[in-house]
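Chemist: Turn this into a model:
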Amino acid sequence: MSTTPAPTTPHFMPDPHSYSRPAEVSVQHLSLHLAVDFEARTLAGYATWQLVNHSRATELVLDTRNLDIEAVLLGDLSGTQTNFSLGEADPVLGQRLHIAILLETEQVTIRYRTTPGAAALQWLTPEQTAGRQHPFLFTQSQAILARTWIPCQDSPGVRFTYDAHVRVPVELLALMSAENPQARNASGEYSFRMAQPIPAYLMALAVGDVAFEPLSTRTGIYAEPVTLPVATSEFQDLENMVAAAEALYGHYRWDQYDLLVLPPSFPFGGMENPRLTFVTPTILAGDRSLTSLVAHELAHSWSGNLVTNATWNDFWLNEGFTVYFERRIMENLYGRSYSDMLQVLGHTGLQHTIEELGPESKDTHLHLDLAGRDPDEGLNDIAYEKGDYLLLTLEYLVGRPALDTFIKEYFARHSFQSMDTNSFVAYLRRELLDKQPGLEEKLQLDAWVNGPGIPAVAPPVSSTRFEAVDAALQHWQQGTPAADLRTTSWSSHEWVHFLHGLPSGLPSEKLAELDAAFNFTQSGNAEILAAWFPRTIAAGYSPADEALYQFLTHVGRRKFLTPLYKAMLATPGGLERARQLYAAARPNYHSVATSTFDTLVGQV
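Modeler: Below is the predicted model of the structure:
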C-alpha cells in the first residue's frame, strides 16, 4: 500500500542555521546523481532540484559548505548555464549559494563535487572496518551537515522527495535513506527512490561490503558479512518493536524498517534515517540488553521523521517525544520494571547535564536559542530527558489513556509537517490542557519550556531493580566480598547503575577486587566499559590501560568518549596522556566527534 502523503502548502519558520529562503522559493524534489571515489575521497555529480516559486523571486538561495560548484543550469543537464555566486564562508554555516533564476524556472541543476574533508562524510580504510578487506563510506547529515555533500535548503522545516543514482566500486553495495537494494549487482550502479518528503538532515548514504538478512516482510539487517550473524541474533525482536510502536501511536508510514550496523567509528548510537536506521556496533552486547537504542530510532519514525522540529531550537520536540515513546515500546516488550530502569538512568543523566551546564543556564530550557552557535550544542540530555520528563509529568496528571490519545492524534494531524515550540504549546493547550481547568497551572508548562532545570511538579522516578542493586552496593561497601554479591540475573542496565553508584576515589586494590569478581575490564559490553573506565582512570588502575586504549582507538561514539577524555584531563599528567591517546584515535573518529575533542583535548 502506498503511504505517499498528499501535498500540503508548507509554512516556513525562519531558521537561524540556514541561509536558504524557502518562503520565497522552496525545493520540492531532488534528483541526485553521484559517483563515489574512495581514492580521492570525493563524491562527484549533479543535483537537480524541482522548485516552487512562492514570491516571483529571481534568485534561489541554497546552503553549501566546502563544495566545489562547477556549473549551474536552468532545467536539467541539457539546460542553459546561469549565473551563480558563493557568499562569505562561515565555519559553521558554510556559504550561501546564490543562483539566478527566471520567473518560469521549474528546475535547476548544480554540477559539483565534495571536498575530501567534507564534514558529513567518513571515509574508512579497510583496516577501520570489521571485515578489514574493503573501504567503507557513511554520511551523518544531522544537524546541518547535509550541505557538505549536497547543495540544499538545509533546514529541518523544508521537506522534499528524492530519487538518486549512485555509482560505486563493483565489490561494494550502496544504500540510502530510501528504497534499497538487498544485494550487490555486477555494474556497481544503484538507483533509489524516497516517495515520502523528508528534510535534508535525513539524507543518508552508505557504501561498503555489506550483506542483508530479512527478519520479517518489512524489517531486516544490513551489516558487514562478519557482523551480520551477530546482528541478526541481537535484533530478533525488531518486527515486534515495530508492531508495539504501531499499537501505541498509529501506522508505520515508511513501508520498510531496516537497520544498517556501521563500523565502530560512527559518532552516535544511532541515526534515524528513514527506512534505514544507522546503528553503532557498540549495542551488539550478545544478550539484546542494549536494544532500547533501536526502539529510540524506530520511535523517530513518528517523532522527528513524521513530525519534525521546525528549527534546531525546537529539537526537544524530536527527542523528548522519542525518548518517551522508546520507553513505552520497551515496557510493552519487556515489562514496566525494565522501562523503569531506563527512566532512572535517563534521569541521572539529566541531573548530570543540568549540573554541568549550570542550574540556571538558558541551555537547560527546552526551547533553545542556538543562533550563532553550532546546533550540535543542543544535542544533550536536556532535549532528550527533560523533554521526556515533561511528557511523563503530563501522563502523571492526565493519565495514560488521555495522553496516548493526544499523542496519536498529534502525529496523525501533523504528518510530514514541521512543528515549532510555540505552535506545539498552542496545540497542547487547545487539545488537552484547556479542557481541564487548572491543569496547565499544575503542569507548570512555561517553567518546562522556557525555564531552567527541572520544575518542582515533576514526579519522582524509581526502579525496584535498581533498589536491589543499591542494596548489593551497600553490602559490598560494608565488607561483603564482591564475589559473594547476588548479581547473576543482572542486565547491562543494572551493572551500569552499580558502576555509577561506586563511591568516588576508590583505590586500585578495590577496583582489582571488583574486576576479579566481575571481569569488567574484559567486558564485551560498551555501556559497561564506558561506566568502568572513568573509575580506572581516576585510580590509575593500570590493568585496564590496554583495554582503554583499544576502546578509545576503535569506538567513535561521542557519548562514550567524552566522559573518558574528561576523566583523563582531571588526573595529574592527564592532558599529555589524553593527547597521546587522541593522536592515535583521531583518524578513526567522524568529524562530529573530532570537532568536540579538538576543542576538549587540543588538536594533535
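Chemist: Now do the contacts for Asn332.
Modeler: Counting by Cβ atoms under 8 Å, 6 or more residues apart in numbering, Asn332 makes contact with Ala244, Ala247, Leu248. Backbone N, C-alpha and C define where each C-beta goes, glycine included.
Chemist: I'd guessed the first one sits against Ile329; true?
Modeler: Think Ala244. Yes - applying Cβ atoms under 8 Å, one finds Ala244 in contact with Ile329, separated by 5.0 Å.
Chemist: higher neighbour count, those two?
Modeler: Ranked by neighbour count (other Cβ atoms under 10 Å), Ala244 and Ile329 place Ile329 first, with 26 against 18.
Chemist: remind me which residues of the chain are low pLDDT?
Modeler: 1-10, 604 (pLDDT under 70).
Chemist: farthest residue from the center of it?
Modeler: For the chain, the residue at maximal distance from the C-alpha centroid (Cα atoms, centre = their mean) is Gly479, at 42.5 Å.
Chemist: Give me the three-state assignment for that one.
Modeler: Of the three states, Gly479 takes coil under DSSP: H, G, I helix; E, B strand; the rest coil.
Chemist: Give the bridge partners for the residue lying closest to Gln95 once chain neighbours are set aside, please.
Modeler: Excluding the flanking residues, the one nearest Gln95 by Cβ to Cβ, 6 or more residues apart in numbering is Leu86, at 4.6 Å. Assessed by DSSP bridges, Leu86 has beta-bridge partners Leu97.
Chemist: Please report how far Leu86 lies from Leu67.
Modeler: Going from Leu86 to Leu67 by Cβ to Cβ, to the nearest Å gives 9 Å.
Chemist: any common contacting residues for those two?
Modeler: Both Leu86 and Leu67 are contacted by Leu97, under the criterion Cβ under 8 Å, 6+ apart.
Chemist: Comparing these two, which residue is more hemmed in?
Modeler: Just comparing Leu86 and Leu67: by other Cβ under 10 Å the higher neighbour count belongs to Leu67, 24 against 13.
Chemist: In contact with that one: list those residues for me.
Modeler: Contacts for Leu67 (Cβ under 8 Å, 6+ apart) come out as Leu97, Tyr112, Arg113, Thr114, Thr115, Ala118, Arg147, Thr148, Trp149, Pro151.
Chemist: try Tyr541
Modeler: Tyr541 makes contact with Ser508, Leu511, Ala512, Asp515, Arg535, according to Cβ under 8 Å, 6+ apart.
Chemist: what's the distance between it and Ala178?
Modeler: The gap separating Tyr541 from Ala178 is 47 Å, by Cβ to Cβ.
Chemist: pretty sure the residue nearest to Gln95 contacts Ile99?
Modeler: No - look at Leu86 against Ile99 with Cβ under 8 Å: they stay out of range, at 10.5 Å.
Chemist: returning to what we had before: would CSV of the contacts of Tyr541 with neighbour count, distance to Asp404 and secondary structure be doable?
Modeler: Listed next are these as CSV, based on neighbours: other Cβ atoms under 10 Å; distance: Cβ to Cβ, whole Å; DSSP: H, G, I helix; E, B strand; the rest coil:
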residue, neighbour count, distance to Asp404, secondary structure
Ser508, 16, 50, helix
Leu511, 22, 45, helix
Ala512, 16, 49, helix
Asp515, 20, 45, helix
Arg535, 23, 41, helix
